[in-house]
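Engineer: sequence first, then the predicted structure, then my questions.
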Amino acid sequence: MTHHVVFMGVSGSGKSTVAREVQRLTGWDFAEGDDFHPRANVEKMSAGHPLTDQDRFPWLGSLARWIREHDEAGESSLMSCSALRRTYRDVLRSGADDVAFVHLVGDKGVLLERMGERDHFMPPELLESQLATLEPLHDDEAGLELDVALPPAELAERVVEELGLR
Ligand SMILES: Nc1ncnc2c1ncn2[C@@H]1O[C@H](COP(=O)(O)OP(=O)(O)OP(=O)(O)O)[C@@H](O)[C@H]1O
Ligand SMILES: O=C(O)[C@H](O)[C@@H](O)[C@H](O)[C@H](O)CO
């Protein structure tokens, strides 16, 4: 039985960091969602403009294909992807039967501080639009929510335990 876990949340919430910790524990293949953005999307964000649905849907389609390829090969997988809205998550869920989401939730001040400290194309000014777009997981969506105030290793342990990944 294959499992696919997507680490979701706004920019700076620690999706890549926690996903890599979980990769250490599971050994599963990991895709950094940002690496699948076409150059135009990255340029748009770098220039301080939020993406639109039109920008996001083809990108999400390519991520769903990556999940499907792993599923068809019988491999479980991990992915970091903002997946801010339910309709975006629907695209990712189309990739396999078992796709769960880990929503990393953080205090705005903490997120801004972490975004300010790293070297990354995403300007902290875009956090506001990320938060405005965000739809948290609904009750009928498989997954869990975790507070990013905790250290990455502890968050990863919780993911593995609560989603029963071992
Ligand atoms: N739980 C944590 N505790 C302390 N620092 C953290 C934690 N998680 C992430 N960080 C730090 O916060 C910053 C943002 O983390 P990361 O790049 O993983 O976020 P992200 O959600 O993948 O961001 P983006 O979507 O913008 O690429 C990094 O500098 C990372 O080292
Ligand atoms: O849907 C989006 O708006 C994007 O995926 C962003 O979330 C960024 O790619 C990411 O946060 C990088 O910082």
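Structural biologist: Done, it's in. Ligands and ions are numbered 1, 2, ... in the order given.

Engineer: hang on, Ala156 packs against Val18?
Structural biologist: Yes - contact criterion C-beta atoms under 8 Å: Ala156 and Val18 qualify, at 5.8 Å. Yep, even glycine has a C-beta here, placed from its N, CA and C like the rest.

Engineer: now do the contacts for whichever residue of the chain sits closest to ligand 1.
Structural biologist: At 2.8 Å from ligand 1, Gly14 is the closest residue in the chain, using C-beta to the nearest ligand atom. Gly14 is in contact with 104, 106, 114, 148, 152, 155, counting by C-beta atoms under 8 Å, 6 or more residues apart in numbering.

Engineer: confirm the third one sits in a strand?
Structural biologist: Same thing as Arg114. No - under DSSP: H, G, I helix; E, B strand; the rest coil, Arg114 falls outside any strand and is assigned helix.

Engineer: my guess is it contacts Gly9, does it?
Structural biologist: No - look at Arg114 against Gly9 with C-beta under 8 Å: they stay out of range, at 11.8 Å.

Engineer: between the two, tell me which one has more neighbours.
Structural biologist: Shown here are Arg114 and Gly9; by other C-beta atoms under 10 Å, Gly9 has more neighbours (27 against 17).

Engineer: so how far is Leu146 from the nearest residue to that one once chain neighbours are set aside?
Structural biologist: Nearest residue to Gly9, sequence neighbours excluded (C-beta to C-beta, 6 or more residues apart in numbering): Leu104, at 4.0 Å. Distance, Leu104 to Leu146, by C-beta to C-beta, to the nearest Å: 6 Å.

Engineer: Glu157 too?
Structural biologist: 11 Å.

Engineer: those two: which is more packed in?
Structural biologist: More neighbours surround Leu146 than the other of Glu157 and Leu146, with 23 against 15 (other C-beta under 10 Å).

Engineer: hmm, back to that, quick one: common contacting residues for Arg114 and Gly9?
Structural biologist: Common neighbours of Arg114 and Gly9 are listed as Gly106 (criterion: C-beta under 8 Å, 6+ apart).
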